[in-house]
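# everything below, folded, please.
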Amino acid sequence: MSIFKNRSLRNALGIVVLLLYAAPAALAVTEKEITQDLNCPDKEGCTMIVIDCDCPSSLKIKDEVNVMIDKGYSKSQIFEELEKEYGTGVLATPPKKGFDIVVWVALPAGLLIGAVVIWKISKKKMDENEMFEYEYNRFLEGREKHE
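Sure thing, here's the model as predicted:
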């Protein structure tokens with residue numbers, strides 16, 4: 001008995017083959033995916049993202065990205081190549097390594113420190129208010145005794 005005589009097994013095998021054939025196309029990187037995460041490297045001071053920029057340097061990067069996509073580079077490989085050529089400034093988000101990790105740690109740390117400071121100040125204010133209320137009540141009690 002052949003493995004292909006069972007209809008459901010044959011259909012399942014056909015689906016697997018189709019998925020394997022379609023998977024590389026579905027997983028392929030697009031120019032848009034890459035260029036939306038890149039800064040324009042223009043020396044004239046352009047501050048746009050490559051996907052929206054028409055500077056000659058952005059057009060050059062778009063061409064380079066398309067060549068790398070055609071060669072089958074992954075997203076991370078393309079970013080590595082562009083970072084080698086243009087430096088980390090070309091990346092719209094700093095990499096999570098080396099000194100650039102400070103950018104990723106500073107914001108949450110700053111928020112945490114700010115929350116602690118606000119909590120301490122509000123607690124101190126609350127203590128001052130409670131102290132005022134206590135003294136005010138003592139004042140009223142003393143006043144009632146003298147009346």
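
# any idea how far the longest helix belonging to the chain is from the middle of the chain?
Criterion DSSP state H: the longest helix present in the chain is helix 101-146. Relative to the centre of its chain, helix 101-146 is centred 35 Å away, using Cα atoms, centre = their mean, to the nearest Å.

# distance of Asp70 from Ser57?
Asp70 is 21 Å from Ser57, where distance means Cβ to Cβ, to the nearest Å. Every C-beta, even on glycine, is put in place using the N, C-alpha and C of the backbone.

# more neighbours: which of these two?
Ser57 (17 against 8; other Cβ atoms under 10 Å).

# does that one touch Asp42 like I think?
Yes. Using Cβ atoms under 8 Å, Ser57 makes contact with Asp42 at a distance of 4.5 Å.

# return the residues in contact with Gly89.
39, 41 (Cβ atoms under 8 Å, 6 or more residues apart in numbering).

# secondary structure of it: a strand, I assume?
No. Assigned with DSSP: H, G, I helix; E, B strand; the rest coil, Gly89 falls outside any strand and is helix.

# pLDDT at the residue sitting nearest the centre point of the chain, what is it?
The centre of the chain sits closest to Thr93, judged by Cα atoms, centre = their mean, with a distance of 7.2 Å. We have a pLDDT of 80 for Thr93.

# that one: what secondary structure?
Per three-state DSSP, Thr93 ends up coil.

# now it, what are its backbone angles?
Note on Thr93: backbone dihedrals following degrees, to the nearest 10 are phi -120, psi 130.

# just the one 3 residues further on next, same as before
Summarising the backbone geometry of Lys96 under the convention degrees, to the nearest 10, its torsions are phi -90, psi 60.

# returning to what we had before: can you tell me how far the residue lying closest to the residue nearest to the centre of the chain once chain neighbours are set aside is from Val90?
Leaving aside its sequence neighbours, Thr93 sits nearest to Asp37 (Cβ to Cβ, 6 or more residues apart in numbering; 6.6 Å). According to Cβ to Cβ, Asp37 stands 10 Å off from Val90.
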